[in-house]
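Participant: What follows is a predicted structure for the sequence shown.
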Amino acid sequence: MDDKALVGKISVSSDSVSTLNSEDFVLVSRLGDDTPGSSINNGSDDEKTGLKIVGNGSEQQLQKELEDVLMDPSVADQILSGGGGGWGDQVGGGDHVSQPTTAVPPQSSSSECSPSTPIPDEDSVVFNKLTYLGCASVNAPRSEVEALCMMTVLRGQCQLPLDVTLSVPGVSEGTVRLLDPQTSTEIASYPIYKIMFCVRGHDGTPETDCFAFTESHYNAEIFRIHVFRCEIQEAVSRILYSFATAFRRSAKKTVLSGLAPPLTPDSDVFTFTVSLEIKEDDGKGTFSAVAKDKDKNSFKLRPGMDKKVFIYVQQTSNKELSIERCFGLLLSPGKNVKNSDMHLLDLESMGKSSDGKSYIITGSWNPNTPQFQAVNEETAKDTFIYMTTAVDLVITEVEEPVRFLLETRVRVCSPNERLFWPFSKRSYTETFYLKLRQMERKRNKDTLYEVLSLESELKRERKKTTASPNILQSASQGSMPLLSGSGDVSKECAEKILETWGDLLSKWHLNLSVRPKQLPALVRSGVPEALRGEVWQLLAGCHNNDHQVEEYRTLITKESPQDSAITRDINRTFPAHDYFKDTGGDGQDSLYKICKAYSVYDEEIGYCQGQSFLAAVLLLHMPEEQAFSVLVKIMFDYGLRDLFKQNFEDLHCKFFQLERLMQEYIPDLYNHFLNVGLEAHMYASQWFLTLFTAKFPLYMVFHIIDLLLCEGISVIFNVALALLKTSREDLLATDFEGALKFFRVPVPKRYRSEENAKKLMELACSMKVLQSTLKKLKKYEKEYDSMREQQEQQEAPIERYERENRRLQEANMRLEQENDDLAHELVSSKIALRKDLDNAEEKADALNKELLMTKQKLVDSEDEKRRLEEESAQLKEMCRRELGKSESEIKKNGSIIGEYKQVKADRRFLVEGCEKCSILFNKEGRLKAVRKMKEGSEEETDEEKEGLKNQLREMELELAQTKLQLVEAECKIQDLEHTLGLALNEVQAAKKTWFNRTLTSIKTVTGAQGKETT
């Protein structure tokens, strides 16, 4: 592969390089823990310096392209020696070259041909024609966005650029140097292990000819970015390449040197890293890696889905051993599983990775089989189960197979649960230490080894922190110190004492702001173990802590800058107690969350060693939310956090006060300590910082916390004096070393007996110093302050000013950080306030519009009301007129009907009185059928007949007219009733009940009169 063309590709695909440890592709890992950078890990114990490629390009492409060059020593040496002139002509030919704005000092001809020339006296590459634009502090040293932002700012604001020459070493043990281009004198230097990130400007931007690197400054507490501009733009890619080369050549230098490494005590130990990754069928024909909870360190599986198990084995130290094959991949639910309980998985593939560094084994796992039922059933939220995976490897140089065993936690989630993993690790990695012994060679056979031991790093840590039965036995008999968390505390208590406490708590709950008078006397006798959780919360004032509980649930979701220190201390906390002894168990998990939450809550102090012991004591009596609240109260309200502030100044004051109390109450022991040179800080540091929780039995520890929450932190002096007084005779017979050992081993063991612990606490409570402690402590504090002032006055001014300067720098750093936090909080608050104000204004506008609409509706309703009132009045008047007309019509019709009846009666009388008419008409007045008259009737004349007929017609016509008038009157009555009905409906629509009654009465009267008329 052409090296020039290759680096030309690098300039396109790589925009930045970063030194960090990650489960993503890490190009180079630094070797050799004895280098100066081995202790700088940016907050992680297991983090090693490496070079990671990030930016616009593809990591896989860049890895593949860089690997061939960097792994080939001849090509790398050729490039580093300046071979291949005309570099600038071959690299990044399509890039835009921006002209520099500053004058460039004259360079030698070799410099003009190539942007770099080697330094003959060291393995490094020199880059000329660079301009230093300045430096600035950054909060995120590996953030490409922030680095590019600072690059833009410094390029635009730089008024006095400095021409420099940059020297990049060829190995990670070297130093990056800034040189004067004219005199070659060193201006500044930065060890390569402190450089964390390199970045170049993006193409198409004014910063395309710039690059920058970040470095940890001031003992890794400050991060700074240095920005440079290149006159030759193509040199930017070469500079990034040189940084990558520096780290790679550090690894190759040892391999290619051909010299055997010096023998060390661990030269027979071979280190392997074994990683486990699980993939599940995603239903699309492929397998995707399952999520892994970073905080819980557990895999998240789904039930009933086919899975694949991937094991990556990589040797990281000593002579390389050849893995021949894998003859077994096993898996089983549970922890500490027997070999007979392991179940064999079907192997799919095995072999070396493409880069030849790792050996990869792949197996298929069907979780639906009965033996895997435990890891195929959905688990409750926040609960976990263990799973053990084993891989058996045949190593060519080892006589017997080697089994690597991985125990991991898993949680089987609901199939519908959404899993988030963009920023979480997806594999579990464990380090194993394989100790071998070389066997005697037989004839000309190759060297063979036999296995002496194989243990994981986790087991090594457990050996350091967890006591085995043999250690416990020797501790009880020999000189081993008492493990923290030792001792059993019984919850049994006399019925009378429980009744007394029950009455007190009942009264206390009525008024929680006032403590009962008999409370101190009861607390000095010890709080019953069954009631300690409730009493401690009441004593600390945490009975109403809902706000802090919600805050705690938010805090545990945030990242802590002291996460590695917390994780390291968790395994050392109460290893003798069942609740905390299991790595990754519920106890350690809750303890980790409390310590992490407090480190985020108290940014000034953060997490300090010893806090985990106090948090563990609280966790044994209450849930983690309440334990966190009580811990905050003890740290802030009881003044424990003051001991960690200002270089432990307050703690030293406590030591002085203790010595003064010893001088007063135990003068002979005080003088003895003075003679042997034993000072209080040598034996009492843990007493104050952990409140006796680190080394003493739990029965005594719980009683001390009872007194502390009731009386205050001054109780520590009483317990300390009681301890010294009871051990006075033994301590007087010891020398300096003997006294320190006595405090470390016999003193805590002496109080494993509950009877001895009771006597000690009774002595501590009965000492008069308990009542007069506060006054004396204030007096001694003034003495200490005056003594410190005298010492400062006697101190050399330069030393005093330097110390004061360091203190002010620390305070300044803290205040700057607080200022940044406050500024960020202020901006966030302003944004939130502006948003709330906009919402309030929008709501106010909507309410104003609604108010105007309501007012308009009210005006319209009033107008409608007036209109309806006018219509009602008009309707009433119309009804009155129509009623009068109806009454007159009724009267008229009544008179007509009466006349008609009279006429009808008169006609009936006339008909009945006339013989002739009675023959023609019936009783009803109707004409009868005329029979043929007898021959005698023929004598009537035609004139009489005609007259009667005419009279009859007139009467019938008059009757018809009368009937017609009656019908017309009925029609008018119906029309009037219809009009009244319409009026009634309108009135009912307007909901005028009084008018309804009026119309009803009118209708009733009208109907009654109509009936009478008919």
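Facilitator: Great, that's in hand.
Participant: Show me the helices in the stretch 301-450 of the chain, by range?
Facilitator: Counting by DSSP state H, counting those that start in this stretch, the stretch 301-450 of the chain has no helices at all.
Participant: for it, which spans come out with low pLDDT?
Facilitator: Applying pLDDT under 70 to the stretch 301-450 of the chain picks out residues 417-426, 440-446.
Participant: right, and residue 612 touches residue 569 too?
Facilitator: Yes. Residue 612 lies in contact with residue 569 (C-beta atoms under 8 Å); the separation is 4.9 Å. No exception for glycine: its C-beta is placed from N, CA and C like everyone else's.
Participant: Which neighbours do these two have in common?
Facilitator: Counting by C-beta atoms under 8 Å, 6 or more residues apart in numbering, the shared contacts of residue 612 and residue 569 are residue 595.
Participant: For these two, indicate the residue with more neighbours.
Facilitator: Higher neighbour count among residue 612 and residue 569: residue 612, with 31 against 21, using other C-beta atoms under 10 Å.
Participant: what helix or strand does that one sit in?
Facilitator: Assigned by DSSP states H and E, residue 612 falls within helix 611-619.
Participant: need the next SSE after that helix, C-terminal direction.
Facilitator: Under the assignment DSSP H and E, the closest C-terminal helix or strand after helix 611-619 is helix 624-636.
Participant: residues in contact with residue 979?
Facilitator: Going by C-beta under 8 Å, 6+ apart, residue 979 touches residue 882.
Participant: and it, backbone torsions?
Facilitator: The phi and psi torsions at residue 979 (degrees, to the nearest 10) take the values phi -60, psi -40.
Participant: Who does residue 293 form a beta bridge with?
Facilitator: Bridge pairing for residue 293 (DSSP bridges) gives the partners residue 298.
Participant: gap between it and residue 874?
Facilitator: Look at residue 293 and residue 874: by C-beta to C-beta, to the nearest Å, they are 83 Å apart.
Participant: repeat for residue 393
Facilitator: Applying C-beta to C-beta, the value for residue 393 to residue 874 is 110 Å.
Participant: and the two? which has more neighbours close in?
Facilitator: residue 393 (23 against 10).
Participant: isn't the more buried one right next to residue 432, touching?
Facilitator: No. In this structure residue 393 lies outside contact range of residue 432 using C-beta under 8 Å: 11.0 Å.
Participant: hey, what's in contact with both of the two?
Facilitator: Residues touching both residue 393 and residue 432 (C-beta under 8 Å, 6+ apart): residue 404.
Participant: Next, the buried residues of the helix holding residue 612.
Facilitator: Neighbour-count burial for helix 611-619, counted by 16 or more other C-beta atoms under 10 Å, picks out 611, 612, 613, 614, 615, 616, 617, 618, 619.
Participant: cool, and stretch 201-216?
Facilitator: By neighbour count on 16+ other C-beta under 10 Å, the buried set for stretch 201-216 is 201-203, 207-216.
Participant: Would you format the residues you listed as CSV with distance to residue 232 included?
Facilitator: Below are the buried residues of stretch 201-216 laid out as CSV (distance: C-beta to C-beta, whole Å):
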residue, distance to residue 232
201, 14
202, 18
203, 16
207, 15
208, 12
209, 8
210, 12
211, 12
212, 17
213, 18
214, 23
215, 24
216, 29
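Participant: any weak-confidence spans in the stretch 651-800 of the chain?
Facilitator: Scanning the stretch 651-800 of the chain for pLDDT under 70 picks out the ranges 768-774, 792, 795-796.
Participant: same question, the stretch 901-1014 of the chain
Facilitator: Using pLDDT under 70, the stretch 901-1014 of the chain drops low at 907, 910-941, 987-999, 1001, 1003, 1005-1014.
Participant: Which residues are in contact with the closest residue to residue 821 other than its chain neighbours?
Facilitator: If the residues on either side of it in the chain are set aside, residue 821 comes closest to residue 603, at 7.3 Å by C-beta to C-beta, 6 or more residues apart in numbering. Residue 603 makes contacts with 817, 818, 821, as judged by C-beta under 8 Å, 6+ apart.
Participant: by contact count, what packs against the strand or helix carrying residue 757?
Facilitator: Following DSSP H and E, one finds residue 757 within helix 754-766. The contact analysis (3 or more C-beta pairs under 8 Å, 6 or more residues apart in numbering; DSSP states H and E) places helix 754-766 against helix 698-711, helix 715-726.
Participant: now with 10 Å?
Facilitator: Judged by 3 or more C-beta pairs under 10 Å, 6 or more residues apart in numbering; DSSP states H and E, helix 754-766 is in contact with helix 519-524, helix 698-711, helix 715-726, helix 746-750.
Participant: looking at these, which is closest to residue 894?
Facilitator: helix 519-524 (104.4 Å; C-beta to C-beta).
Participant: max-length helix in this protein?
Facilitator: helix 797-913 (DSSP state H).
Participant: Next one: the spatially most central residue of the chain from residue 600, what distance?
Facilitator: Among the residues of the chain, the one closest to the centroid is residue 557, at 2.0 Å (C-alpha atoms, centre = their mean). Distance, residue 557 to residue 600, using C-beta to C-beta: 9 Å.
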